[in-house]
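Novice: would you be able to build a 3D model of this:
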Amino acid sequence: MKFNTKTIHAGQAPEATTGAVMPPIFQTSTYAQKAPNDHQGYDYARVGNPTRTALEKMIAGLENADHGICFSSGVAAIDAIIRTLSPGDHVISSNDLYGGTYRLFTKMFEPVGITFSFVDMTDNSKVKEAITDQTKLIWIETPTNPLLRVADIETLASMAKKHNILTAVDNTFASPYLQQPLDLGADIAIHSTTKYLGGHSDTIGGAVATSNEDVAEGLRFQIKTTGAVPGPMDCYLVLRGIKTLSVRVQRSIDNAKKVADWLVNCPDVAHVHYPGLESHPQHKLAAKQMKDFGAMVSFSLKDDSIEAANSLMSKTKVFTLAESLGGVESLVSHPASMTHGSIPKEVREKAGLFDSLIRLSVGIEDADDLIDDLKQSLN
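Specialist: Just a heads-up that it's a prediction; the model follows:
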């Protein structure tokens, strides 16, 4: 089954009782049993819900995985993966990653004895140098948030396997439409379903896809024990969003390419970060491991002051100044003070994330209107 067909049919079948084409929203906390532990596959909604099961089957199908496990948020999914580790274990992560992930790693898990090395994952040798006897996981974010750097999943996964290390890829920026990490050798793919999978800025959720039985069993035990479950309505909204994933994302990508090209030629812009540009350092790698280049763009102005960046962001009329990404509407944000505000300034700047950087999540509006909006904001 090809991808566009999967977004409609993967793991889905008409509901058995009524023939409903869309999975019903099973808004229940518990299920009747004929006798103790004699039930129809569900006993308590924290453990399982049919709407959630439908979404988990869909996620697994899109990522070519044996298992999909859904969570209440993307961060909850990341938290569950790191909880499978033990004190003394070591994780190698990108030095350019989502601020919420950095905060979770450094504020919640470092204090209990899990150690992290943050390296430039565009340089495979840096990852190799960071491997120790205690390394249990390589955490890859590609393209990265917000500098759109691209890591070589296949090479890093192969390197990890030689040392019996798991690889996890945060696939949120790409979505399964553009990139399937498990096909490239990774063990785990993670999503904030809030973003491209949901696609309409109306739900919060997270998901993990894996074909590793031990990982899947550990995550299912965790979700049963800790309770970071998505509600059935949230699962339904993500299922509905996935139906239009490919058409939404492709339209956004087409717009992003036009916006990036315009920014490159704008005299007020100093630098544009977009893998689709031939000038991007990992352009060829992105073309190799991704179907297309995504709809996220970041850039800095020649006036590299935070005041200039704030002035532009406060004047946009089509781009909405807001956190998040991946919806049908175009968003503009300031990573240093919004999505990455939890990362210390010196750490951000060491990784190349300066206060003047502006991030765009390009939506499905008319590209000319988006460019005109940036023009009037700069003027």
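Novice: all helices in the stretch 51-200 of the chain, in order from the N-terminus.
Specialist: Assigned by DSSP state H, counting those that start in this stretch, the helices in the stretch 51-200 of the chain fall at 74-82, 99-103, 124-130, 153-162.
Novice: domains of the protein?
Specialist: Here the domain assignment for the chain is 3-242, 245-378, based on automatic domain parsing.
Novice: can you redo those as a markdown table with mean pLDDT and mean neighbour count?
Specialist: Quick note: C-beta positions are derived from backbone N, CA and C, even for glycine. Shown next, in a markdown table, are the domains of the chain (pLDDT from 0 to 100; neighbours: other Cβ atoms under 10 Å):
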| stretch | mean pLDDT | mean neighbour count |
| --- | --- | --- |
| domain 3-242 | 96 | 19 |
| domain 245-378 | 94 | 18 |
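Novice: which one is Lys136 nearest to, not counting chain neighbours?
Specialist: Once flanking residues are discounted, Lys136 sits nearest to Asp89: 4.4 Å by Cβ to Cβ, 6 or more residues apart in numbering.
Novice: and if you look at Pro143?
Specialist: Phe173 (4.8 Å).
Novice: is that neighbour in contact with Met296, as I believe?
Specialist: Yes - under the criterion of Cβ atoms under 8 Å, Phe173 makes contact with Met296 at 5.7 Å.
Novice: which neighbours do the two share?
Specialist: 143, 145, 148, 325 (Cβ atoms under 8 Å, 6 or more residues apart in numbering).
Novice: ranges for the strands of the stretch 251-379 of the chain?
Specialist: 269-273, 296-301, 320-321, 331-333, 358-361 (DSSP state E, counting those that start in this stretch).
Novice: turn those into CSV, including distance to Ala130.
Specialist: CSV is the format used below for the strands of the stretch 251-379 of the chain (distance: least, Cβ to Cβ, whole Å):
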stretch, distance to Ala130
strand 269-273, 24
strand 296-301, 26
strand 320-321, 37
strand 331-333, 30
strand 358-361, 27
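Novice: Leu219: which of those is closest?
Specialist: Shortest distance between Leu219 and those, using Cβ to Cβ, is found for strand 296-301: 27.2 Å.
Novice: got the contact list for the closest one?
Specialist: So strand 296-301 is contacted by 143, 145-148, 173, 256, 259-260, 263, 268-274, 308-309, 312, 325, 335, 354, 356-362 (Cβ under 8 Å, 6+ apart).
Novice: now with 6 Å?
Specialist: For strand 296-301, contacts defined as Cβ atoms under 6 Å, 6 or more residues apart in numbering pick out 146, 173, 256, 259-260, 263, 268-274, 308, 356-360.
Novice: stretch 135-151 too?
Specialist: 85, 89-94, 96-98, 121-122, 156, 160, 165-170, 173, 273, 275, 282, 285-286, 294, 298, 335, 352, 359.
Novice: ok, stretch 367-379 next?
Specialist: 255, 258-259, 262, 268, 312, 315-319, 330.
Novice: nearest to Ser192, of the residues you listed?
Specialist: For those, the nearest to Ser192 is Ser330 (18.2 Å; Cβ to Cβ).
Novice: any idea how far Ile165 is from the nearest residue to the closest one once chain neighbours are set aside?
Specialist: Computed as Cβ to Cβ, 6+ apart, the closest residue to Ser330 that is not its neighbour in sequence is Gly363, at 3.9 Å. Here the criterion is Cβ to Cβ, to the nearest Å. By it, Gly363 lies 37 Å from Ile165.
Novice: then Phe118?
Specialist: For Phe118, the distance to Ile165 - Cβ to Cβ - is 16 Å.
Novice: please apply the same query to Met159.
Specialist: Counting by Cβ to Cβ, the gap from Met159 to Ile165 is 8 Å.
Novice: how about Val21?
Specialist: 43 Å.
Novice: my guess is Ala157 contacts Leu166, does it?
Specialist: No - the pair Ala157 / Leu166 is not scored as a contact, 9.4 Å apart, by Cβ atoms under 6 Å.
Novice: ok now do the closest residue to Ala295 other than its chain neighbours, which residues does it touch?
Specialist: Distances taken as Cβ to Cβ, 6+ apart place Ser252 nearest to Ala295, at 3.6 Å, with adjacent residues excluded. Counting by Cβ under 6 Å, 6+ apart, Ser252 touches 295, 362-364.
Novice: make CSV out of the residues you listed and add distance to Pro111.
Specialist: Output for the contacts of Ser252, formatted as CSV (distance: Cβ to Cβ, whole Å):
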residue, distance to Pro111
Ala295, 36
Val362, 38
Gly363, 39
Ile364, 42
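Novice: okay if I get the shared contacts of Phe173 and Met296 as JSON lines plus distance to Leu62?
Specialist: Compiled in JSON lines, the shared contacts of Phe173 and Met296 are given as follows (distance: Cβ to Cβ, whole Å):
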{"residue": "Pro143", "distance to Leu62": "18"}
{"residue": "Asn145", "distance to Leu62": "21"}
{"residue": "Leu148", "distance to Leu62": "22"}
{"residue": "Leu325", "distance to Leu62": "19"}
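Novice: what's the closest of those residues to Ala65?
Specialist: Pro143 (20.8 Å).
Novice: helix, strand, or coil at Val208?
Specialist: Assigned by DSSP: H, G, I helix; E, B strand; the rest coil, the conformation of Val208 is strand.
Novice: would you mind measuring from it to Gly241?
Specialist: Taken as Cβ to Cβ, the span from Val208 to Gly241 is 18 Å.
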